[in-house]
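In: Quick one, what's the 3D model for this:
(chains A, B, C and D)
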Amino acid sequence: MRSVGHLLVRPAQSGDLAAIERLAGGSTPRLTNLPAHRDRLEERIARSNRSLAHNVDFPGDELYTFVLEDRDLGEIVGTASIRAQAGAQDAYYTYRQETLIHASQQLNLRHEVQTLSLSHEMSEVSLLCALSLDSRYRGTSAATLLRRARLMFIAQYPERFAETLGVAFPGYLDEAGGSPFWDSVGRHFFEQGYHEINLLAGVRSKSFIAEVMPQFPLYLPLLTPQARAAIGREHPAHEPALQEMLAEGFVRSRHVDIFDAGPVVRAERQRLHTLTHCGWHPVRIRPAASLPDAEPAMVANQQLADFRCTVARYALTPTGQLLLSEEQAALLGVEEGRAVLVAPLALPNVEDALDEGEL
Amino acid sequence: MRSVGHLLVRPAQSGDLAAIERLAGGSTPRLTNLPAHRDRLEERIARSNRSLAHNVDFPGDELYTFVLEDRDLGEIVGTASIRAQAGAQDAYYTYRQETLIHASQQLNLRHEVQTLSLSHEMSEVSLLCALSLDSRYRGTSAATLLRRARLMFIAQYPERFAETLGVAFPGYLDEAGGSPFWDSVGRHFFEQGYHEINLLAGVRSKSFIAEVMPQFPLYLPLLTPQARAAIGREHPAHEPALQEMLAEGFVRSRHVDIFDAGPVVRAERQRLHTLTHCGWHPVRIRPAASLPDAEPAMVANQQLADFRCTVARYALTPTGQLLLSEEQAALLGVEEGRAVLVAPLALPNVEDALDEGEL
Amino acid sequence: MRLRPIGHHDIDELQALAQETGVGFTSLPNSREFLAAKIANAVAAFEGRVPEQERLYFFVLEDEQSGELAGCCAIEAEVGRETPFYHYRVGKLAHSSVQLDLHRTIDTLFLSSDHTGDAEVASLFLRPAYRRDRNGTLLSKARWLFMAEFRECFPAKVLAEMRGVFSPDGVSPFWESLGSHFFPMEFKQADQLTGLGQKSFIGELMPKYPIYTPFLPQAARECIGQVHEHTRPALEMLKKEGLRWEGYIDIFDGGPTVEAYIDDVRAIRHSSCVTVEVSGDSLAQPERPGWMAATTGMSDFRCSWIGRGPSEDGVIALTTVEAERLGVTSGDALRVLES
Amino acid sequence: MRLRPIGHHDIDELQALAQETGVGFTSLPNSREFLAAKIANAVAAFEGRVPEQERLYFFVLEDEQSGELAGCCAIEAEVGRETPFYHYRVGKLAHSSVQLDLHRTIDTLFLSSDHTGDAEVASLFLRPAYRRDRNGTLLSKARWLFMAEFRECFPAKVLAEMRGVFSPDGVSPFWESLGSHFFPMEFKQADQLTGLGQKSFIGELMPKYPIYTPFLPQAARECIGQVHEHTRPALEMLKKEGLRWEGYIDIFDGGPTVEAYIDDVRAIRHSSCVTVEVSGDSLAQPERPGWMAATTGMSDFRCSWIGRGPSEDGVIALTTVEAERLGVTSGDALRVLES
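Out: Model (predicted):
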């Protein structure tokens, strides 16, 4: 496990392109919204820079792409994005799980039938997406930092994001890497297998593809048992990430991905732990050796285009100043007296339940 | 405005039938679920008594009907019910408001279309319903007591109710008493006007009727402007009730009534003010004249079939005993030392917003 | 052998027939009460005591010598008038994207009551012992002569529902893959309830949204619009009359419903009206009859094979036996059809 | 006057024709480039250089004396093969409840691509100056002779889309009540895009769920399956051939699509093959021609009125002018039709 002292999340720059391409190629499973395709990734970075440069009063077509930099290695070791509005241009398609009750007075029986309905309702949310992390950092607080630094960004620029945030997790794939859900649903409408369509969706657009999918609700009993079992089930490699996001305050929704039926979790911003537990503290710089021990925390500066977020100890002076080393302050680009946003890295215990509120 | 000192909410008994029938006939507007039909009302009371007599471990087909008694007058002046599960036998049908995004790449445009989809999703909630109050008591704390005493009951017997509670409010009617929504939707499938169908639904079953309604989503642009304007709009006479329930913590949902498009609000139990602010206090009996002034509160005893809830001052001894007069204790059927459930009558300011969580 | 409207006195014989039909012939359950009601309805229909669109014309084929019933058949004047009449309709939906250079049409089953108000030929059963001497053809085609004669009592279209595919052990792959998920019962039960006219459960339980056929297993897809092996000859006979499969199938077994505009039905177009001339019993009788004749009354309708066709000037020579069988004498009108 | 396949040299005349067609005839936009491509496709189709199912046979009616084009018409071999082909289909849905003693069927519009793969007769236009001497009938019916001759190049069914109802100021009540809510543009624009074959916006924007017709205002409901006043004669002509409205309508204006099985089309059933005998110019010419003749080649297909019908032994006598007009000599085969 690597030390996390010199890890930094910041907006992606054009110089990060090669590293992001490498990360995109190495993600497990491959991500639709992070295609290992240089032109598309270059466009993503340019779009992210444009989004940061614009004055934004309410969420729209912005995309923010971040990288995780290991300053010790001088390497980009992770990337993650936020789409300000999941369906700003096209609709963001999901399948929504519904239950129909077929009751027969004649036979005096009540029969429940599950369906999946194509839905555009998630189009308005801000979406945390396109996360890929160098495998050496898996399970470390680097993973946590990369995932949740985006919340530190959202906390500072609420006008740029929707009240509700969503995260779509890659869905379950079988041992051969195929998607049982795709094989039972999408495959009827496309010749391509899951991987091909995923690549195609990355290069073209997921909503192009969604338009070809069945428009009427699907009856679950007509799907294969394997496909039914995959609904709302995350890819094993993303289980820890899902658990963390549930601990953060996200809740499972009725919505799943249209390709692989991966779970979509969502939360109102004010219910998220990071957003409710973050606070402002002025910086007090002290020699590294003299910093007291304390719980780890995420620390972010206040600069939009020059956003920086790192992990430090949550050590405060009696008057509430945050104690940082010279090196940490430099990493964040802040001088003494400047306020930084701090949130504890630890999260409460996970509650994994379907959001009753969605009824 | 009448004094509320001798008002009491308790389960309905067969002797209350005539009074309930009078209340059903006098409700504005007439309520589907409270038909002024003696046989049906008698059945409701019997069913309520059976529900109270049964051991219940989880919500099912139970119905609980309460009355508001004015002990000064010796009259039944209100009634209200809880359905443990809105769609226990038949489905509980609602229309769910949805937005479809039709995007054209060819023409480079994005077009949103609103729809109403027949939904059974509210079938699982516990429903507060069938409330009718003598008009002399409107706007008094008697109205509040009748509405919210049900929450005091739910607070004590959580295993009998769903995690999510719902309330469906009568929808907007025009000056002639017609439902613009029914005229534009249901009327195409039935010969009857709104009032006739409402009566029919009361005597037969709303779900019988729902089965005849259109099964595919309705496109809102095809409805009359009057019908569209009525969607999610409450009947003017129920505006204060809706405001109070919103203050209580209920939030507007995407669901509306299938007949008149009246709003359906809902909340998880633990978000409701009464359920989060109620507490147990042992009773201390003191002469009425010596009781100190204090904020009004709802006070309920602990007896299932003999449930009693009244309004008293929230006056506590330094050790947290609730001070009640002899008369109040008798009203509640409690002796000194017995614990009662108490919740303040006042509610925080209203927040009337669509539940973002429902995305 | 002659075909005629059923009468009250046929109750015992009809019940014997019902016992013989067996499973799968749901319109004749072995219930005396049900059958008596059915006869009463039919008698009222033939006597014009029922509004035209509610009439069920129920015919029997009788051996006029033994008095035994050899079989039965029926025409329903307008289906779906009193209880809903459901089919799936196989339609095509385009699933296309210019951007993806993709263009397919997907076969989709739509719930439909399109045939509401059409006439139906149904309930044909011929006892095994009588499956000879073209009795089956008589039983089937006599209905066209009836409809030709009383054309104004029928709507524009006629349909016939054909039994779908079943495995040798009586399992319907279509039902197993589709219906069983929505109707928590055995096929047999669903089928019987329908036969008894207790059909409201269908509307209550069946899927309301379209079914994309690719979601069905191949065995079920292969049943769509296909008939049971034993039904193939009946289907061929209807096809020769011009009835076609236009994509409607049974919601339980996926069997085809074939249909035609009544005015297009070959037997109706080609039948003609002639005058009877009874010529004693000297006329030759062919080995295999090629002409069918029907009388022109409704409640005393008769139809049977005759030994020859009409002359060019529209006169049909009948033997005394033939004339008696049909209940006609010289000078009466007959409708004849070569088949 | 004779009908023949269009040729490359017809481009100027075709453009003149296109200018004359005006609004509402969207398949002939006034664009030289578009028309040249259309001609090239048609020539390739007649020469068999295009797969059968992709062929668009485009014909012109020419005044062989002046060389002027009098009109045009077309047959598309199989619609919906390259771009989706949409209709609404008026279907019935049962809305019933035994408990409520209620039983209705509601007309419902279903989006459909059922006609994918059917042939279409389309694009008929006759210049006003030529609307005489049964030229319109020739233009319309010649296509049936072509299809009869090359039956194997066509599928089972043929359809024709008819213009829907418009108010005198060009407003379509159907569009105003339905399409306008989903297509944020004028009817004209939607219609033009479709005419140019740019149809992907339809699939992108149109409602995917069925439309219950009671939700449409009466003016729009009254347009369903109804034709524009000017289109009524064309519809009557098609109906006489046996084409029927089976419930399919245009998604923009609600106009009917009529259809038939090709083998059932009257002109196709009744046309016959005969042998030419050129008999000089002494043959009598009737005031009003009653017979139509077509040659048997594809790329040199010709069709025109002739003065008389064939003899009983299948010989057709032609004048020299008639034979020249058709490009045949004695002993050649012709397909003729009385009409």
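In: use CA for all of it now, contacts and neighbours both
Out: Fine.
In: which parts of chain C sit against chain A?
Out: Residues of chain C lying close to chain A (C-alpha under 8 Å from any C-alpha of the partner chain) are C:95-97, C:99-100, C:104, C:106, C:177-178, C:181-182, C:184, C:200-201, C:204-206, C:209-212, C:214-216.
In: The same query, at a cut-off of 10 Å, please.
Out: Residues of chain C lying close to chain A (C-alpha under 10 Å from any C-alpha of the partner chain) are C:93-100, C:102-106, C:177-178, C:180-184, C:198-217.
In: Next one: residue A:90 from residue D:199, what distance?
Out: According to C-alpha to C-alpha, to the nearest Å, residue A:90 and residue D:199 sit 19 Å apart.
In: Over to residue A:113?
Out: Distance from residue A:113 to residue D:199, by C-alpha to C-alpha: 37 Å.
In: So the two - more neighbours on which side?
Out: residue D:199 (20 against 17; other C-alpha atoms under 10 Å in any protein chain shown).
In: Within the helices and strands, which one has the residue lying closest to that one once chain neighbours are set aside?
Out: Nearest non-adjacent residue to residue D:199, counting by C-alpha to C-alpha, 6 or more residues apart in numbering or on different chains: residue D:193, 6.6 Å away. Here residue D:193 sits within helix D:187-195, counting by DSSP states H and E.
In: Who are the packing partners of the helix or strand that that helix is followed by?
Out: Helices and strands here follow DSSP H and E; after helix D:187-195, the next one along the chain is helix D:200-205. Counting contacts by 3 or more C-alpha pairs under 10 Å, 6 or more residues apart in numbering or on different chains; DSSP states H and E, helix D:200-205 packs against strand B:94-104, strand B:109-119, strand C:87-97, helix D:180-182, helix D:187-195.
In: Give me whichever of the ones you listed is most buried.
Out: Stretch with highest mean neighbour count among the helices and strands packed on helix D:200-205: strand C:87-97 (a mean of 23; mean count of other C-alpha atoms under 10 Å in any protein chain shown).
In: how far does it sit from the chain's center?
Out: The gap between where strand C:87-97 is centred and where its chain is centred comes out at 29 Å by C-alpha atoms, centre = their mean, to the nearest Å.
In: Given whatever helix or strand comes next after it, what are its sheet partners and their directions?
Out: Heading C-terminal from strand C:87-97, the first helix or strand you meet, by DSSP H and E, is strand C:102-112. Applying DSSP bridges to the sheet, strand C:102-112 is found paired with strand C:87-97 (antiparallel), strand C:211-212 (antiparallel).
In: What average pLDDT does the first one get?
Out: Per-residue pLDDT values over strand C:87-97 give a mean of 92.
In: Could you grab the helix/strand/coil label for residue C:267?
Out: helix (DSSP: H, G, I helix; E, B strand; the rest coil).
In: hang on, isn't it packed against residue C:243?
Out: No - using C-alpha atoms under 10 Å, residue C:267 is not in contact with residue C:243, being 11.2 Å away.
In: Without its sequence neighbours, what residue ends up closest to residue 271?
Out: Picked chain A for this. Looking at residue A:271 with C-alpha to C-alpha, 6+ apart, the closest residue is residue A:249, at 6.1 Å.
In: my bad, chain C
Out: residue C:337 (4.6 Å).
In: which stretch in the helices and strands packed on helix D:200-205 is the model least sure about?
Out: Across the helices and strands packed on helix D:200-205, the lowest-scoring stretch is helix D:187-195, with a mean of 87.
In: ok, residues contacting it?
Out: With C-alpha atoms under 10 Å, 6 or more residues apart in numbering or on different chains as the test, helix D:187-195 has contacts from D:23-29, D:170-172, D:175-176, D:179-180, D:183-184, D:197-202, D:252-253.
In: same thing but 6 Å
Out: Helix D:187-195 has contacts (C-alpha atoms under 6 Å, 6 or more residues apart in numbering or on different chains) with D:26-27.
In: so how far is it from its chain's centroid?
Out: Worked out by C-alpha atoms, centre = their mean, helix D:187-195 lies 19 Å from the chain centre.
In: returning to what we had before: please produce a markdown table containing the helices and strands packed on helix D:200-205, extended by distance to residue A:188.
Out: What follows is these, written out as a markdown table (distance: least, C-alpha to C-alpha, whole Å):
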| stretch | distance to residue A:188 |
| --- | --- |
| strand B:94-104 | 23 |
| strand B:109-119 | 26 |
| strand C:87-97 | 11 |
| helix D:180-182 | 28 |
| helix D:187-195 | 28 |
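In: pLDDT below threshold where in chain C?
Out: Applying pLDDT under 70 to chain C flags residues C:22-24.
In: can you pull out the helices in it?
Out: Remark: helices assigned in chain C by DSSP state H are C:11-21, C:32-46, C:135-149, C:173-174, C:180-182, C:187-195, C:200-205, C:218-221, C:232-240, C:266-270, C:320-326.
In: which ones are touching the residue of the stretch 51-200 of chain C found nearest chain B?
Out: Going by C-alpha to the nearest C-alpha, chain B is nearest to residue C:99 of the stretch 51-200 of chain C, at 8.4 Å. Contact partners of residue C:99, counting by C-alpha under 6 Å, 6+ apart, are absent.
In: if we go to 10 Å?
Out: Taking C-alpha under 10 Å, 6+ apart as the test, what residue C:99 contacts is A:204-205, A:208-209, B:105-106, D:200.
In: Buried subset of the residues you listed as a PyMOL selection?
Out: Command for PyMOL that selects the buried part of the contacts of residue C:99, burial taken from 16 or more other C-alpha atoms under 10 Å in any protein chain shown:
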select buried, (chain A and resi 204+205+208+209) or (chain B and resi 105) or (chain D and resi 200)
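In: need the residues of chain C near chain B, please.
Out: C:98-99, C:203-204, C:208-209.
In: Looking at those residues, state which has the most neighbours.
Out: residue C:204 (24 neighbours).
In: wait, doesn't that one sit right on residue A:102?
Out: Yes - with contact defined as C-alpha under 10 Å, residue C:204 reaches residue A:102; the gap is 6.3 Å.
In: Spit out the residues that contact those two alike.
Out: Joint contacts of residue C:204 and residue A:102 (C-alpha under 10 Å, 6+ apart) are A:110, B:211, C:182-183.
In: so can I have JSON lines of those showing distance to residue B:327?
Out: JSON lines is the format used below for these (distance: C-alpha to C-alpha, whole Å):
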{"residue": "A:110", "distance to residue B:327": "49"}
{"residue": "B:211", "distance to residue B:327": "51"}
{"residue": "C:182", "distance to residue B:327": "59"}
{"residue": "C:183", "distance to residue B:327": "59"}
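In: from those residues, which are also near chain D?
Out: Answer for those near chain D (C-alpha under 10 Å from any C-alpha): residue B:211.
In: Just the closest of the shared contacts of residue C:204 and residue A:102 to chain D, please.
Out: residue B:211 (7.4 Å).
In: Run through the residues of the stretch 201-350 of chain A sitting next to chain D.
Out: A:208, A:211-212, A:214-216.
In: Does the nearest residue to residue A:87 once chain neighbours are set aside belong to a helix, a strand or coil?
Out: Excluding the flanking residues, the one nearest residue A:87 by C-alpha to C-alpha, 6+ apart is residue A:123, at 4.1 Å. At residue A:123, secondary structure determined by three-state DSSP is helix.
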